[in-house]
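S.K.: Have a look; sequence and predicted model below, questions after that.
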Amino acid sequence: MDAMEIRPDADPADALAAVAALRRLADQLEDVAVERAMRAGWGWPQVAEALGVTRQAVHKKHARRLIAAGVTLRRR
């Protein structure tokens, strides 16, 4: 089975639950990776480029959590 295929007889509820679980996992992995990068001295532009998003988007999504975790954030 191709990774992009869903069996025709698959229960839609199961397929959608799997998608939701994968999204939660991806969010958790992103949180850990962003925190590690910022603790390693990366700036918002570097993190944003690595994720394929804007600096503003990554800042909006992660800044509050990182500050609460005690991460020292670089301005640029």
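M.R.: Looks like it came in fine.
S.K.: what sits up against whichever helix or strand residue 57 is part of?
M.R.: If you go by DSSP states H and E, residue 57 is part of helix 55-68. Here helix 55-68 makes contact (Cβ atoms under 8 Å, 6 or more residues apart in numbering) with 31, 34, 35, 38, 44, 45, 47, 48, 51, 73. C-beta: built from backbone N, CA, C; applies to glycine.
S.K.: okay but residue 73 is in contact with residue 38, surely?
M.R.: Yes: applying Cβ atoms under 8 Å, one finds residue 73 in contact with residue 38, separated by 6.4 Å.
S.K.: out of those two, which sits in the more crowded spot?
M.R.: Legend: neighbour count by other Cβ atoms under 10 Å for residue 73 and residue 38, higher for residue 38 (22 against 12).
S.K.: Centre of the chain to the edge, which residue is at the far end?
M.R.: Within the chain, the residue lying farthest from the chain centre (Cα atoms, centre = their mean) is residue 9, at 31.2 Å.
S.K.: Checking that one next. Helix, strand or coil?
M.R.: coil (DSSP: H, G, I helix; E, B strand; the rest coil).
S.K.: Next: residue 37.
M.R.: With three-state DSSP as the criterion, residue 37 reads helix.
S.K.: can you pull the contacts of it?
M.R.: 46, 47, 50.
S.K.: Could you check how far the last one is from residue 60?
M.R.: When distance is defined by Cβ to Cβ, to the nearest Å, residue 50 is 16 Å away from residue 60.
S.K.: What of the second one?
M.R.: Using Cβ to Cβ, one gets 12 Å for the distance from residue 47 to residue 60.
S.K.: can you check residue 45 too?
M.R.: 14 Å.
S.K.: swap in residue 14?
M.R.: With Cβ to Cβ as the criterion, residue 14 and residue 60 are 33 Å apart.
S.K.: same deal with residue 23?
M.R.: 18 Å.
S.K.: who's in contact with the most centrally placed residue in the chain?
M.R.: Nearest to the mean C-alpha position of the chain, counting by Cα atoms, centre = their mean, stands residue 30 at 3.0 Å. Residues near residue 30 by Cβ under 8 Å, 6+ apart: residue 51.
S.K.: Fine by me, we can end here.
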